[in-house]
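# no sequence for this one, just the structure:
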């Protein structure tokens, strides 16, 4: 069994343009929250770069 890092998985998903709604973890779990936080970190950074360019 491999050690999974939900935060890193969420970051990767955001970089691949996978929507936050695709979070594979059970809602309310620690893993779900970590995945969402990772996704939000990357998505927020991408949005900030886009707004700077407009």
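Nice, thanks for sending it over. Keep in mind it's a predicted model, so treat the numbers as computed, not measured. Numbers count the residues shown, from 1 in each chain.
# any idea where the strands of this protein begin and end?
Applying DSSP state E to the chain gives no strands.
# what helices or strands is the helix or strand of it with the lowest mean pLDDT leaning on?
Ranked by mean pLDDT, DSSP states H and E, the weakest helix or strand in the chain is helix 30-52, scoring a mean of 91. In this structure, helix 30-52 packs against helix 6-15, with contacts taken as 3 or more C-beta pairs under 8 Å, 6 or more residues apart in numbering; DSSP states H and E. All C-beta spots, glycine's among them, are computed from the backbone N, C-alpha and C.
# Now tell me what touches the helix it packs on from outside.
20, 22-25, 30-32, 34-43, 46 (C-beta atoms under 8 Å, 6 or more residues apart in numbering).
# in the least confident helix or strand of the chain, what's buried?
Neighbour-count burial for helix 30-52 flags 31-36, 38-39, 42-43 (criterion: 16 or more other C-beta atoms under 10 Å).
# could you give the angle of that helix to helix 6-15?
Put simply, helix 30-52 runs at 40 degrees to helix 6-15, going by axes from the mean of the first three to the mean of the last three C-alpha atoms, to 10 degrees.
# Touching helix 30-52 from outside, list them.
4-15, 20, 23-26.
# Can you say which of those are buried?
Here, 16+ other C-beta under 10 Å leaves 6-7, 9-11, 13-14, 23, 25 buried among those.
# and the residues you listed as CSV, adding distance to residue 50 and pLDDT?
CSV is the format used below for the buried ones among the contacts of helix 30-52 (distance: C-beta to C-beta, whole Å; pLDDT from 0 to 100):
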residue, distance to residue 50, pLDDT
6, 26, 98
7, 23, 98
9, 23, 98
10, 19, 98
11, 17, 97
13, 18, 98
14, 13, 97
23, 22, 98
25, 27, 98
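# export the residues you listed to TSV and tack on distance to residue 51?
Output for these, formatted as TSV (distance: C-beta to C-beta, whole Å):
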residue	distance to residue 51
6	28
7	24
9	26
10	22
11	20
13	21
14	16
23	25
25	29
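# and stretch 14-21, how far out from the chain's middle?
Centre-to-centre, stretch 14-21 and its host chain are 7 Å apart (C-alpha atoms, centre = their mean, to the nearest Å).
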